[in-house]
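Engineer: Turn this into a model:
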Amino acid sequence: LRSDGHRALVFADDNSIVDRAVAHRAGIGWYGKNANILVPGAGSFFVLGSVVTTAKLATSSIVDDGCGVCRRCLDGCPTQAIIEPGVVDARRCLAWLLQKPGVFDRRFRVALGDRMYGCDDCQEVCPPTTRRQLRVTPPEGARPWVDVEALLEMTDEELLDSVDWWYVAQRNPDWVRRNALIVLGNVGELGSPRVRDIVATYLEHPDPMLRAHAVWAAARLGLHELIPTHDTAPLVIEELRDLPEVRTTRAN
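Structural biologist: Reported below is the predicted structural model:
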């Protein structure tokens, strides 16, 4: 476009434009009930980008809704974040909560299960997307899981290097550690000396945010004898007021 003398700006993963709205108006796909754009024959596992240009281009027709009566995404969301068809409450969405700085909402920690980065449940249960994924070969080197115990033992540099392709708010490794502590509480091996040592270390961490999440993990793992009662940090005190039930099995 530029070589033909037109002005053109490219936007990708940029909050200055809503790529889904542009894709819908451009006839790329329809708005699914999970609020993602669903491309006929391809589903929703793709990255959107937009080009804003002064060039006069042929218009496309809007793609008709293809969801029909299906509500698998609404029923499959682990936190009921899809509050109505096409509307997602980001405050309940695990993908958002994992990236959001601050204390991880206590209401959704158990629902997090073993997720360390993102949540695609609403896409993985979507029939158009599922059919497409059956034909896709995972990229070489793709890792379906993260060793949270090893991650929690890493230095800042080691941790960020190990997740260099993740979005990490402010590139602060402690947000990843926060998530890992919750996952450890959900799926860590009960009675494991290594897990016990990791939790004990984080209960003495200088950051009260991490100590607070370590308190939660300790309670979930039945390590109450490690939980300090002398910590005066407000975040830790808040956790101590409402400890979770001890986990007896691996969380789903």
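Engineer: For the rest of this, base every contact and every neighbour count on C-alpha atoms.
Structural biologist: Noted.
Engineer: Let me see the domain layout of the protein.
Structural biologist: Taking automatic domain parsing as the reference, the chain has its domains at 2-53, 146-252.
Engineer: Tell me the secondary structure at F11.
Structural biologist: At F11 the chain is in strand, as set by DSSP: H, G, I helix; E, B strand; the rest coil.
Engineer: What residues of stretch 230-238 count as buried?
Structural biologist: For stretch 230-238, burial by neighbour count (16 or more other C-alpha atoms under 10 Å) applies to 231, 235-237.
Engineer: re earlier: wait, which of the domains of the chain is closest to C77?
Structural biologist: domain 2-53 (9.2 Å; C-alpha to C-alpha).
Engineer: what's next to the helix-or-strand element of the chain with minimal mean pLDDT, contact-wise?
Structural biologist: Of all helical and strand segments in the chain, the minimum by mean pLDDT, DSSP states H and E falls on helix 127-133, at a mean of 77. By C-alpha atoms under 8 Å, 6 or more residues apart in numbering, the list of residues contacting helix 127-133 from outside reads 38, 40-45, 123-124.
Engineer: Quickly check the residues you listed for the two that are furthest apart.
Structural biologist: Distance extremes for those: the farthest pair is P40 and E124 at 15.8 Å, using C-alpha to C-alpha.
Engineer: about what we covered before: name the nearest of the buried residues of stretch 230-238 relative to C73.
Structural biologist: For the buried residues of stretch 230-238, the minimum distance to C73 (C-alpha to C-alpha) is 34.1 Å, reached by L235.
Engineer: ok, now which ones touch the closest one?
Structural biologist: Contacts here follow C-alpha under 8 Å, 6+ apart; on that basis L235 touches 208-209, 212.
Engineer: Any chance of the backbone angles for it?
Structural biologist: phi -60, psi -40 (degrees, to the nearest 10).
Engineer: so how far is H224 from it?
Structural biologist: 18 Å (C-alpha to C-alpha, to the nearest Å).
Engineer: State the distance from D89 to L152.
Structural biologist: 30 Å.
Engineer: whoops, I mixed them up, V246
Structural biologist: Distance, V246 to L152, using C-alpha to C-alpha: 21 Å.
Engineer: Ok, L9 next?
Structural biologist: Using C-alpha to C-alpha, L9 is found at 41 Å from L152.
Engineer: With neighbour numbers in mind, choose between those two.
Structural biologist: L152 (22 against 11; other C-alpha atoms under 10 Å).
Engineer: OK, contacts around that one?
Structural biologist: 177, 180-181, 198.
Engineer: hmm, 10 Å instead?
Structural biologist: Neighbouring residues of L152 by C-alpha atoms under 10 Å, 6 or more residues apart in numbering: 159, 174, 176-178, 180-181, 184, 195, 198-199, 201-202.
Engineer: Make a PyMOL selection of the buried ones in those residues.
Structural biologist: Of the contacts of L152, the buried ones can be selected in PyMOL as follows, counting by 16+ other C-alpha under 10 Å:
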select buried, resi 159+174+176+177+178+180+181+184+195+198+199+202
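Engineer: Just the closest of the contacts of L152 to Y117, please.
Structural biologist: V176 (8.7 Å).
Engineer: returning to that earlier point: check which element follows the least confident helix or strand of the chain along the chain.
Structural biologist: helix 148-152 (DSSP states H and E).
Engineer: Please identify, among the contacts of helix 127-133, the one with the most neighbours.
Structural biologist: Sorting the contacts of helix 127-133 by how many neighbours each has (other C-alpha under 10 Å) puts L38 first, at 29 neighbours.
Engineer: show me where this protein has strands.
Structural biologist: Remark: strands assigned in the chain by DSSP state E are 8-12, 30-31, 37-38, 49-53, 82-84, 87-88.
Engineer: Distance to P101 and mean pLDDT for those strands - can I get that in TSV?
Structural biologist: Shown next, in TSV, are those (distance: least, C-alpha to C-alpha, whole Å; pLDDT from 0 to 100):
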stretch	distance to P101	mean pLDDT
strand 8-12	23	91
strand 30-31	29	96
strand 37-38	27	96
strand 49-53	26	92
strand 82-84	22	97
strand 87-88	19	96
